[in-house]
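>>> turn this into a structure:
(4 chains)
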Protein chains: 4
Amino acid sequence: MNKYSVSTLGPCSTPSPLSSSTFVDNSDGVLVHNTIKEHKNFEGSTPPSFELAGPREKLFFNPEETTAAIVTCGGLCPGLNDVIRGVTMVLWYRYKIRRILGMRYGYQGFIPSYGHTPLELTPSFVEGIHQKGGSILGSSRGSQPVPETVDYLEANNINILFALGGDGTQRGSLEIAEEIEKRNLPISVIGIPKTIDNDIKMVDRTFGFETAVEMSQTPIKCAHQEAKASFRGIGLVKLMGRDSGFIAANATLASSDVNILLTPEVPLSLENLYHMIDQRLKNSSHVVIVVAEGAGQEYFELDGAQDASGNKKFGDIGTFLKGSITEHFENKGEPVRLIYIDPSYIIRSAPANANDSRYCFQLAEHAVHAAMAGRTKMLISFWGGHYVHIPIEGAIKDRKKIDPSGLLWQSVLDNTGQDSL
Amino acid sequence: MNKYSVSTLGPCSTPSPLSSSTFVDNSDGVLVHNTIKEHKNFEGSTPPSFELAGPREKLFFNPEETTAAIVTCGGLCPGLNDVIRGVTMVLWYRYKIRRILGMRYGYQGFIPSYGHTPLELTPSFVEGIHQKGGSILGSSRGSQPVPETVDYLEANNINILFALGGDGTQRGSLEIAEEIEKRNLPISVIGIPKTIDNDIKMVDRTFGFETAVEMSQTPIKCAHQEAKASFRGIGLVKLMGRDSGFIAANATLASSDVNILLTPEVPLSLENLYHMIDQRLKNSSHVVIVVAEGAGQEYFELDGAQDASGNKKFGDIGTFLKGSITEHFENKGEPVRLIYIDPSYIIRSAPANANDSRYCFQLAEHAVHAAMAGRTKMLISFWGGHYVHIPIEGAIKDRKKIDPSGLLWQSVLDNTGQDSL
Amino acid sequence: MNKYSVSTLGPCSTPSPLSSSTFVDNSDGVLVHNTIKEHKNFEGSTPPSFELAGPREKLFFNPEETTAAIVTCGGLCPGLNDVIRGVTMVLWYRYKIRRILGMRYGYQGFIPSYGHTPLELTPSFVEGIHQKGGSILGSSRGSQPVPETVDYLEANNINILFALGGDGTQRGSLEIAEEIEKRNLPISVIGIPKTIDNDIKMVDRTFGFETAVEMSQTPIKCAHQEAKASFRGIGLVKLMGRDSGFIAANATLASSDVNILLTPEVPLSLENLYHMIDQRLKNSSHVVIVVAEGAGQEYFELDGAQDASGNKKFGDIGTFLKGSITEHFENKGEPVRLIYIDPSYIIRSAPANANDSRYCFQLAEHAVHAAMAGRTKMLISFWGGHYVHIPIEGAIKDRKKIDPSGLLWQSVLDNTGQDSL
Amino acid sequence: MNKYSVSTLGPCSTPSPLSSSTFVDNSDGVLVHNTIKEHKNFEGSTPPSFELAGPREKLFFNPEETTAAIVTCGGLCPGLNDVIRGVTMVLWYRYKIRRILGMRYGYQGFIPSYGHTPLELTPSFVEGIHQKGGSILGSSRGSQPVPETVDYLEANNINILFALGGDGTQRGSLEIAEEIEKRNLPISVIGIPKTIDNDIKMVDRTFGFETAVEMSQTPIKCAHQEAKASFRGIGLVKLMGRDSGFIAANATLASSDVNILLTPEVPLSLENLYHMIDQRLKNSSHVVIVVAEGAGQEYFELDGAQDASGNKKFGDIGTFLKGSITEHFENKGEPVRLIYIDPSYIIRSAPANANDSRYCFQLAEHAVHAAMAGRTKMLISFWGGHYVHIPIEGAIKDRKKIDPSGLLWQSVLDNTGQDSL
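As a prediction, this is how the structure comes out:
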């Protein structure tokens, strides 16, 4: 078993109830690397691959005796309800599973002292939920005691746990799976990676990301119109993205109205920024700036404080830039009018757009197929055009970032016309 | 001439080029008051009325020799470009006027020292502009010297000035019209009232208001989903509305997901607010609050500072409530999770929705008809189901507010179920 | 009792449970006519008025013993679910009424042989329904036996019937109210007028109409883009409007991209139409035409066939024009490329937009207040800026139409630049 | 040169003006096949790959002397204006090219007898065009004489031709490139594949496809609401897709409200369809059907007629099913109410959504980089997560279809719960 393999609870012997289906061969997979340069490193050896997702002819679990639980953790993300609904529908109609628990408020739902009663998910209960933002299950941040969580699974005869959440959540679900393993329980833990920032390793695209990019277009359009309507107008929009600028970069490329993009991956120089604004105002009388929330943190001295999820607290770069830029040009005797827009939660609490809804259904579908075949300690991922199974462990090691010498950043430069900073 | 009459530059003798049109009789009008109770005050006398808008058979201006100018002032508002386009199209195609100046950046556009050159508006120039937010002319706040402005009109042979703006702008346009009168110039000044707050007297509805209400639905929906997704979650949304709560009240009625509405017209009691939140959280585990920016100003001690338009500076009630509410429940040992959303400019920089676009066209159309018939010192208004001419002077005296003992506030109570505060 | 008065079941003596509310005085009302010209006809006499809507201090029904039923009839319309939800919420929370029946599939719901069981409406049942199009109750066309319907009301102790529907439905609800009167039953029948065409007399605006106009913008935009993208391209869009062109006219004014509008109120001359198209194509290379479905029926010879609601069957003017125009220019040797779009149900099955949602809530709210005060045989209407009570009888006599010599049609001419036809 | 290689006009020696850019190594590429199963076929040999797209350090063309032309052909597709704008902006700002011709109305634009004058594309000309549907250049179907086209290119000193269109258009652009080769001219021909159906070989995703899927959600939602609102209601929606059902399948997965999907790839059996409808109506009282326009063509006998693009004429499956289904159940004495919606052009004339806009920019960007490096007879494609260069010849041989034994169709079955047909 190499580092890209996923774990299985045991041999599969129950025939799938999916008649006339397209069953996937367990031996098929998808190459991890698909460029010539990367591929050359594996000359002479078998190139690494991920297991292909899809329904299996033989199942580990007997549908008639199976109970599943779903939990959503961390911040909201467009598509959570799509996944909840998809998991429920495929379990119910395709595998005829009749006991599906919706755990309330994240991992708190497993801890009796919180007093949250799980929801009983059925097709009629989940009807239409995918057209709403949020999570019908609720969510919470931070971890909960792992042994208590596994006690709950055991006591409630839960065979499959679907955990929707980011790297923190999946770190938690890995710990749960390890505790399950220690107790030698036949419980499958399947993660469905969720991060609005699209920065999980081994995952080409996380659900909700495209919707977040779409939801950021209206704020950028507004900032553009506000900037244009003022002489020497500056529109400044802050977008989510603590460690990486994927939302901000994709929103910029989609908009084509942004002149300067600031992301965490490229160090901020205020002097360069002022210069770029100055140049632009001389040529065009207005400028639009998008800043990812994690950019320019080098300008803050913070005490390493953390929020409830254990994440580092950030300085508010949007408010900082609003003040600094205004003051700089005021002091130069060339005042500007800066309009600052912080859409904050608006981009993440919206319902999924069509492409994300479709994607969420397929993630949910393949999560169910994987669970029924006894896979565990894995995430459902989309990679190189295919749904695949990836080990949680590899995915949570660190996060993806924009490579300032890569083609995405090149596209940003080609689009904004900004200097490289 | 009573206080509801509008001024005219002089007798109309030029036949209208609008063939086979529906010409409005100068003697027709619309009653100012239409309830039985109000109407009783005028028993035995002629009830007051506004002049009916619409094309006139005889014009004051000779289209062949007429130049018009348009200016947009103050904050952005959905529909500005619709009005600019409508005025241009009706002047050009219906009256065959070929010189239409788009003044840049509000009243600054008339002051040579700013160096803003006006745009030449033509049908091809204004094509499609109504599908964008903002103002293609730009805008600015505050007033400019009136004599210089009239100098500009005179020097550039401008016969008609269309001024889009709020009460400050219209106060300015009235001063301009008075200076014109003093100089005995045949220049018509027609105001098109613009306020996103819908609080201009004698105007049932200002353009852009419905769009602003529509644009506030997404933030409220997001706050609702965020609140529901957290145990003891509170969604707090701040909406525009300095002196009146019309946007916030209509957004609340449209949403039906709001539990507590705070507006400037109803004094804020933090104790009552905490109590209402507490009750609601006990019954339902989440609560959604909408606050108009002018609410609760009694909790701030401000030094009477003013912004560029001469408006009073406000304390930030949103941030204040976010802190106060969180702290209050923290101190009680019953913590909440409060999600604060401030859509700010997003609700005002958007393009007009269909009904506002239609409305803007008709305001523009009737502004042109009024100007061609030599009306001046007036605003185009919609009143009791009709487009009418109203005197600027009466409209700018004070602002409309929500009457806490009226039927709109009753609807809010019926909708939110909140106590009367 | 004059022709604008509404009927009451009897004296009101139960105190309203709405504490500290704004109670409306039964003697207040809203003038039916508010222009000077109309008003002159009533000099010396009391001008006619409608009763003002709103909560009353004394009720006819005792909330503790009251059962209400709601029914939706005829074609779908944006906002049906808003009204259903509004009625339910106000009955439940403001008047503490606990038995609210949602009748299934229109008037069929009262006829036992159909076997449709009513829904029990509660706040949790109606949660979020207003964000969806359609009607959660279902609907059907056509009438049902009135005695059987009243038998059902009687047998089920229903005290209030809210009927949402167009003039056919309200004709039915009037017959039901008359049968109730004959049997001397204390049952209130309150109609909430519904017609996507906005053509009900004594009603300034029907709910859903503005949304329908908004939903027609995308098809018109598409037709415009398709027409522009082809040399000699013609975009033709058919919109709802059998007897009147209100949707088509308002959609045209909102769009400002339409060059020719055809409605039922203005007779169609194909020769004039071809001429207008020809002129336009010579100047601009493309043309956009909007046609209301009831336009040009003089070109069809139909046998007077009727659909299930008893409405006259119409010839398909869209397909007819598509063929005729294409053929005409083909024959002239000057071919065109005509793109035909028929959005059909898309404009009526959508959820209500913000302004319609707000409006629906207020209609629902005032319908409940009226019912509790024992009003019957009436519709809730919006007139001259106020919610009022109007007698069903007057409203269903005939339908509103666009006056080709009125100001709305003048706006269409000013907007499209088309000849008067 | 293998079958996946692209042609080059000659050696590149001009240094790129893109300073501090990420230049792509000409030797890098992307594997054509990335599953284990496919990959096994190439054991021991070099697996086939596509050339990686991106800016090159050395150019074939000298920007100062380069003229580019852009043409859009065939039916409209969301994103055409995004690509036109992207190509213009990257040529202008990154490569400083100042002569960019926008050819009018497809390949007609090159044929003098049509009299279409090309547009001069500049940044200010293309400002904001990407927020509109359609193509500012216009389009036309069908081919034009290739020698005349190349005469035009030669006479007008055009060095680069960007051709946006489907397989027909690209067949044309290949012929143009071959004529150019015959004449030994240094003119690059770069295709940007455009098909709303997403069925071009060697292209994972065509631009506009996701938007078309998104635009089809409203019609499906409406059909769903209409069907639910009628007892035994059937909502039937026809979507584009002549040879393949990709739009219909993705729209179905995104919606999750569809019960039966009919596509060209799976033969239609009316008997099975009636049976499935019957079953569904017995369980649920309503049913939603989506049909791709090319489905069920076996039920039509057509004479092999062709449209202007040389495409086979199709029977109208939507109208056919509407009639057949209604009649079938009428005859059985179990009538249904069928609501038919044909959104037709609405899904293709819309502006691109955010993700398509972003994608279009990158396609445009890489098309420009490829052209400047002297590539020709190629298409810009997205494959396995990378932008690549693919030979036109390979891409136009035949079209992609849904594999009824593949995982996409499996997802459809998992989503709709329909039998396999």
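
>>> tell me which helix or strand in chain A has the weakest average pLDDT.
Scoring the helices and strands of chain A by mean pLDDT, DSSP states H and E places helix A:36-40 at the bottom, with a mean of 91.

>>> other residues contacting it?
Contacts to helix A:36-40, defined as Cβ atoms under 8 Å, 6 or more residues apart in numbering or on different chains, come from residues A:Leu31, A:His33, A:Pro47, D:Asp25, D:Ser27, D:Asp28, D:Gly29, D:Val30, D:Leu31, D:Pro47, D:Ser49, D:Leu52. (Glycine included, C-beta is placed from N, CA and C.)

>>> ok, now with 6 Å
Helix A:36-40 is contacted from outside by A:His33, D:Asp28, D:Gly29, D:Ser49, using Cβ atoms under 6 Å, 6 or more residues apart in numbering or on different chains.

>>> buried ones in it?
Neighbour-count burial for helix A:36-40 flags A:Ile36, A:His39 (criterion: 16 or more other Cβ atoms under 10 Å in any protein chain shown).

>>> how far is the following helix or strand past it from where the chain is centred?
Remark: after helix A:36-40, the chain's next helix or strand is strand A:49-52, criterion DSSP states H and E. Centroid separation between strand A:49-52 and its chain, computed with Cα atoms, centre = their mean, to the nearest Å, is 21 Å.

>>> write out the residues of the stretch 251-400 of chain A neighbouring chain D.
Selection of the stretch 251-400 of chain A residues close to chain D by Cβ under 6 Å from any Cβ of the partner chain yields A:Leu253, A:Ala254, A:Ser256, A:Ala354, A:Asn355, A:Ser357, A:Arg358, A:Phe361, A:Gln362, A:Glu365, A:Gly384, A:Gly385.

>>> identify the farthest-apart pair in those residues.
By the measure Cβ to Cβ, A:Ser256 and A:Glu365 form the most distant pair in those, at 34.8 Å.

>>> which of the two has more residues huddled nearby?
A count of neighbours by other Cβ atoms under 10 Å in any protein chain shown puts A:Glu365 above the other of A:Ser256 and A:Glu365, at 28 against 23.

>>> could you verify my assumption that that one touches A:Thr88?
No. Under the criterion of Cβ atoms under 6 Å, A:Glu365 is not in contact with A:Thr88, lying 11.3 Å apart.

>>> what about the stretch 251-400 of chain A, any weak spots by pLDDT?
Residues of the stretch 251-400 of chain A meeting the criterion pLDDT under 70: A:302-311.

>>> strands of that one, start to end?
Under the criterion DSSP state E, counting those that start in this stretch, the stretch 251-400 of chain A contains strands at A:260-262, A:286-292, A:337-341, A:375-376, A:378-383, A:386-391.

>>> go on, the stretch 101-250 of chain A?
Under DSSP E, counting those that start in this stretch, the stretch 101-250 of chain A gives strands at A:119-120, A:160-165, A:188-193, A:233-239.

>>> run through who's touching the shortest one.
Same thing as strand A:119-120. A:Gly102.

>>> would you map the helices across the stretch 201-350 of chain A?
Listed in chain order, the helices of the stretch 201-350 of chain A (DSSP state H, counting those that start in this stretch) span A:209-215, A:217-229, A:246-255, A:270-284, A:317-331.

>>> out of these, which comes closest to B:Ile347?
Nearest to B:Ile347 among those is helix A:217-229 (8.7 Å), distances taken as Cβ to Cβ.

>>> give me the contacts around that closest one.
Under Cβ under 6 Å, 6+ apart, the answer for helix A:217-229 is A:233-235, A:237, A:255, A:257, A:286, A:288, A:339, A:341, A:343, B:76, B:133-135, B:138-139, B:345-346, B:349, D:354.

>>> any part of stretch A:57-71 near chain B?
No. Residues of stretch A:57-71 are not located near chain B by Cβ under 6 Å from any Cβ, the shortest gap being 12.7 Å.

>>> which residues of chain A lie near chain B?
By Cβ under 6 Å from any Cβ, the residues of chain A that approach chain B are A:76, A:105, A:133-135, A:138-139, A:219, A:222, A:225-226, A:228-229, A:231, A:339, A:341, A:344-346, A:349.

>>> per-domain residue ranges of chain A.
Taking automatic domain parsing as the domain assignment, the ranges for chain A are A:7-208+A:351-395, A:217-342.

>>> can you select the buried ones from the contacts of helix A:36-40 in PyMOL?
Applied in PyMOL, the following selects the buried portion of those according to 16+ other Cβ under 10 Å:
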select buried, (chain A and resi 33) or (chain D and resi 29+49)
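
>>> using JSON lines, lay out the contacts of helix A:36-40 together with secondary structure and pLDDT.
Shown next, in JSON lines, are the contacts of helix A:36-40 (DSSP: H, G, I helix; E, B strand; the rest coil; pLDDT from 0 to 100):
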{"residue": "A:His33", "secondary structure": "coil", "pLDDT": "95"}
{"residue": "D:Asp28", "secondary structure": "coil", "pLDDT": "95"}
{"residue": "D:Gly29", "secondary structure": "strand", "pLDDT": "96"}
{"residue": "D:Ser49", "secondary structure": "strand", "pLDDT": "96"}
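
>>> against chain D, how distant is the most far-flung residue of chain A relative to its centre?
Here chain A reaches farthest from its C-alpha mean at A:Gly333, the gap being 44.5 Å by Cα atoms, centre = their mean. Distance from A:Gly333 to chain D, counting by Cβ to the nearest Cβ, to the nearest Å: 30 Å.

>>> give me the three-state assignment for the nearest residue to A:Gly417 once chain neighbours are set aside.
Leaving aside its chain neighbours, A:Gly417 sits nearest to D:Tyr93 (5.0 Å; criterion: Cβ to Cβ, 6 or more residues apart in numbering or on different chains). At D:Tyr93 the chain is in helix, as set by DSSP: H, G, I helix; E, B strand; the rest coil.

>>> D:Tyr93 and A:Asn415, how far apart?
Going from D:Tyr93 to A:Asn415 by Cβ to Cβ, to the nearest Å gives 10 Å.

>>> the more surrounded of the two?
Higher neighbour count among D:Tyr93 and A:Asn415: A:Asn415, with 28 against 14, using other Cβ under 10 Å.

>>> could you find the closest non-adjacent residue to that one?
Spatially, and ignoring its direct neighbours in sequence, A:Asn415 is nearest to A:Leu253 (5.4 Å; Cβ to Cβ, 6+ apart).

>>> check A:Ile339 too.
With Cβ to Cβ, 6+ apart, the residue lying closest to A:Ile339 is A:Glu226, at 4.0 Å.

>>> please tell me the pLDDT value assigned to the one you found.
What the model reports as pLDDT for A:Glu226 is 98.

>>> same check, this time on A:Thr22
87.

>>> I'd say A:Lys58 and A:Cys12 touch.
Yes. The pair A:Lys58 and A:Cys12 qualifies as a contact (Cβ under 6 Å) at a distance of 3.9 Å.

>>> of the two, which one has the most company?
Comparing A:Lys58 with A:Cys12 by other Cβ under 10 Å, the one with more neighbours is A:Cys12, at 19 against 15.

>>> contact partners for that one?
Contact analysis of A:Cys12 by Cβ under 6 Å, 6+ apart lists A:Lys58, A:Leu59, A:Phe60, A:Ala373, A:Gly374.

>>> and whichever residue of the stretch 151-300 of chain A sits closest to chain C, how far from A:Ile346?
As assessed by Cβ to the nearest Cβ, chain C sits closest to A:Thr218 within the stretch 151-300 of chain A, at 15.1 Å. Between A:Thr218 and A:Ile346 the computed distance is 8 Å (Cβ to Cβ).

>>> quick one: which of these two has more around it?
Using other Cβ under 10 Å, the more surrounded residue of A:Thr218 and A:Ile346 is A:Ile346, with 24 against 21.

>>> mind listing what that one touches?
Per Cβ under 6 Å, 6+ apart, neighbours of A:Ile346: B:Pro219, B:Cys222.

>>> what do you get if the cut-off is 10 Å, keeping everything else the same?
A:133, A:212, A:215-216, A:218-219, B:218-219, B:221-223, B:226, B:341-343, B:346 (Cβ atoms under 10 Å, 6 or more residues apart in numbering or on different chains).

>>> spatially nearest residue to whichever residue of the stretch 301-421 of chain A sits closest to chain C (excluding sequence neighbours)?
As assessed by Cβ to the nearest Cβ, chain C sits closest to A:Pro351 within the stretch 301-421 of chain A, at 9.8 Å. Closest residue to A:Pro351 apart from its sequence neighbours, by Cβ to Cβ, 6+ apart: A:Gly133 at 4.8 Å.

>>> I am finished for the moment; much appreciated.
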